[in-house]
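Predicted model and sequence below, questions to follow.
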Amino acid sequence: MNGEPRPERVEGFGLYNFSVSPVYRPASLDELRNVLARCRARGERPVFRGAGRSYGDAALNPGGPVVEMTGLAAIHAFDEATGVVRAGAGLTIGELWRFSIPRGFWPPVVTGTMHVSLGGALAVNVHGKNGWKRGTLAEHVEGVSILLRSGEAEWVAKDDLRFSGIVGNGRADEPVVEVALRLKKVATGYLDVEGFATPGLAATLAALDEAKEAWEYVVAWTDGFAEGASLGRSVVHLANEHPSRSGEPAGFSEAEQLADVKTGPLPVPLMLLGLRLTAKGPQMRAVNAAKYFAGKLAGRTRYRQSLVAYSFLLDYLPGWNQAYRPGGFIQYQLFVPKARAEEAFARALRLQHEHGVVSTLAVLKRHRPDPFPRAYAPDGFSLALDFPVTRGNAQRLLRLCRAFDRLLLDCGGRVYRAKDCVGSAERLAAARAAAP
Amino acid sequence: MKRVVVVGATDGLGKALAAEYASRGGWVALVGRGREKLEAVRAEIAGRFPDATVTAVACDLRERERIAPAFREAVASIGHCDLFLFNAGVMFHGDGVTSEPERDRETMEVNAVAAVEMLGYAANYFRAAGRGQIAGISSIAGDRGRKGNPAYNASKAALTTYLEGLRNRLFPYGVTVSTVKPGFIGTKMTAGKAGLFWVVAPEEAARIVADRLERRHEVFYVYRRWGLLGLALRHVPRFLFKRIGPP
């Protein structure tokens, strides 16, 4: 052996995509320089990987090595006056909020899981439930430090022309090693949440659109199994920052944040077992229906919830993606301009039923236009659909994805690189033609 | 959703297998010699099955330095590989009596040596992946050495034995290795040959092979009756086989 890592299986979070790649795990900038020099000497082009939370193939390299950046996770500076934190690209949002919440700050844009690295988040330019109010993550980045081919680290400020080329570029040769992110000052660590059920797709989209100015966070869980007049029935969750009131806890401790993460009376291992037994089966129809009717019966609910509990639903059951082995799952997220959204999403939901493959988890969000060259978010909505991949449904699922591809091409929609993994040649060609 | 690499995909059973997997929806990487012909086959299959993603990687297995890059390029072109299907092979028709050492050497180099090298790369890939499937198209011709084409028999015997070894080696890693002995298939390789029977069209053979690989069968013939014939042939005593054995 010459000290090079042996190839290993590297997976997307959805477990369907994988590559067999040697994985380097540099723990410092010097080690990273060394790794890159060795790769370049061999003519290899590595792919940089953060925490591996991209559902599809964004952090995989079928043709060569992977460089895992999570070793570069130090917080280098924090300015309480401006809220700007400078941290290594491998720092996760989870590590960031644990640092920032005691200081009264919160990341302006967070994903549904906290286990996302800053570098990875920037490489796909993530969005959150506040896509309308705050846009994408890169809109809050003051600048990044990149490691040039020469081995020098260079600062690229947000107004540098090169910055827009870095945002959303998951295949850059010169990796981002440090990110300066402007955090949001929060009055408390809590949100005021309002939940209510909507009977169909039109009502759901209207509710999200009406709420987008008055509410910071706007999201709807949708019952993908519903058909006919109930097509697109949903439970909407809106949230705003909870104001500071004397006598109330501020919620600025980690313990207070985690106290609201409640998984119910069953222990987590038992819930994971339950998920494993039901995630790929017809029982999900009943689970979705139960969730909708529970929301409907509850009426308009209002409650206070910690930022962590509201934001990181995907972390309630650690390792939940393992329930989808061996085939894994894919997520197809359709981004569609507002004017075409209702028609396109109705078609997408019906297409599922026509193909006999129905999403076990569907989520609707409102977005504002993404200003970067590799933009994916329009002034419109997104519909994210999770599909388990099984031996029985694989053929139908692929046909469904191809039908979604055609639907997107037809309505001027887009997909999101963190999720995309089964794009058709036609759609990829269209995306390339539109790329800068 | 299956991602398949087919080596030897420009003709016959390989082409039919590539089309079969494309028809089932998925990603298929074709590996074959003759860049133009390969591209034509790729375009034909992609045109027939628009839901599939079909890629092509040119590789002449007689050029050793191309084997490792071709494996990497084929896998990279479809993202990952679930099934690696080695179908490449040559068979020369001589007069059945005269040995042709240069052609025999080429037969061994393509059917056995290059096969072992490329299958070795696939084996390492799947071992690291912790799952997957390898299938080699061998032949009932490898069950016995015959007077008509000893080098071809030997090359297929080597392939069969190598695949058996890989099967045993990769079993603990969750990787299935299958040996396919198709019998007579109506392809360029068998065209004009006398004395053929139970001939199956490549498309039908491909459908049967894909179905049985789906069920993870390890050693099989396209028609089960070939298995009975193979069993019988393997048990014909040597003294009799050299007198009445098939060419």
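Good, I have the coordinates. Numbers count the residues shown, from 1 in each chain, chains lettered A, B, ... in the order given.

Tell me the residues of chain B that contact chain A?
By the rule Cβ under 8 Å from any Cβ of the partner chain, the part of chain B lying against chain A is B:1-2, B:24-26, B:46, B:50-51, B:53, B:72-73, B:75-76, B:78-80, B:124-125, B:128-131, B:214. C-beta here means a position set from N, CA and C on the backbone, and glycine is covered the same way.

give the contact list for the spatially most central residue of chain A.
Centroid check for chain A by Cα atoms, centre = their mean gives residue A:111 as the closest residue, at 4.6 Å. Residue A:111 sits next to A:53, A:93, A:121, A:126, A:127, A:128 when contact means Cβ atoms under 8 Å, 6 or more residues apart in numbering or on different chains.

Just give me the closest of these to residue B:97.
residue A:53 (66.6 Å; Cβ to Cβ).

got the contact list for the closest one?
Counted by Cβ under 8 Å, 6+ apart, residue A:53 has contacts A:13, A:111, A:113, A:115, A:116, A:120, A:418.

and those as TSV, adding secondary structure?
Output for the contacts of residue A:53, formatted as TSV (DSSP: H, G, I helix; E, B strand; the rest coil):
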residue	secondary structure
A:13	coil
A:111	coil
A:113	coil
A:115	coil
A:116	coil
A:120	helix
A:418	coil
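
What is the nearest of these to chain B?
Of all the contacts of residue A:53, residue A:13 has the smallest distance to chain B: 14.9 Å, by Cβ to the nearest Cβ.

Could you tell me what pLDDT the model assigned to the closest one?
Model confidence at residue A:13, given as pLDDT, is 96.

next one: the one 10 residues further on
Confidence per residue is given as pLDDT, and for residue A:23 that number is 98.

Could you do the one 4 residues further on as well?
Per-residue confidence at residue A:27 stands at 97 (pLDDT).

Same check on the one 3 residues further on?
In the predicted model, residue A:30 carries a pLDDT score of 97.

Are any of the residues of chain B next to chain A buried, and if so which?
Buried by 16 or more other Cβ atoms under 10 Å in any protein chain shown: B:1-2, B:24-26, B:46, B:51, B:53, B:73, B:75-76, B:78-80, B:125, B:128-129, out of the residues of chain B next to chain A.

Show me which residues of the stretch 201-350 of chain A sit near chain B.
Residues of the stretch 201-350 of chain A lying near chain B (Cβ under 8 Å from any Cβ): A:326, A:327.

can you give me the strands in the stretch 201-350 of chain A?
Per DSSP state E, counting those that start in this stretch, the stretch 201-350 of chain A carries strands over the ranges A:217-222, A:234-241, A:301-306, A:329-337.

Kindly present these as CSV, with separate columns for mean neighbour count.
Shown next, in CSV, are the strands of the stretch 201-350 of chain A (neighbours: other Cβ atoms under 10 Å in any protein chain shown):
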stretch, mean neighbour count
strand A:217-222, 25
strand A:234-241, 22
strand A:301-306, 15
strand A:329-337, 24
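
will you turn the ones you listed into a markdown table that also has mean pLDDT?
Shown next, in a markdown table, are the strands of the stretch 201-350 of chain A (pLDDT from 0 to 100):
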| stretch | mean pLDDT |
| --- | --- |
| strand A:217-222 | 98 |
| strand A:234-241 | 98 |
| strand A:301-306 | 97 |
| strand A:329-337 | 95 |
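
okay, those strands in a markdown table with distance to residue A:9 next?
Output for these, formatted as a markdown table (distance: least, Cβ to Cβ, whole Å):
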| stretch | distance to residue A:9 |
| --- | --- |
| strand A:217-222 | 32 |
| strand A:234-241 | 36 |
| strand A:301-306 | 36 |
| strand A:329-337 | 17 |
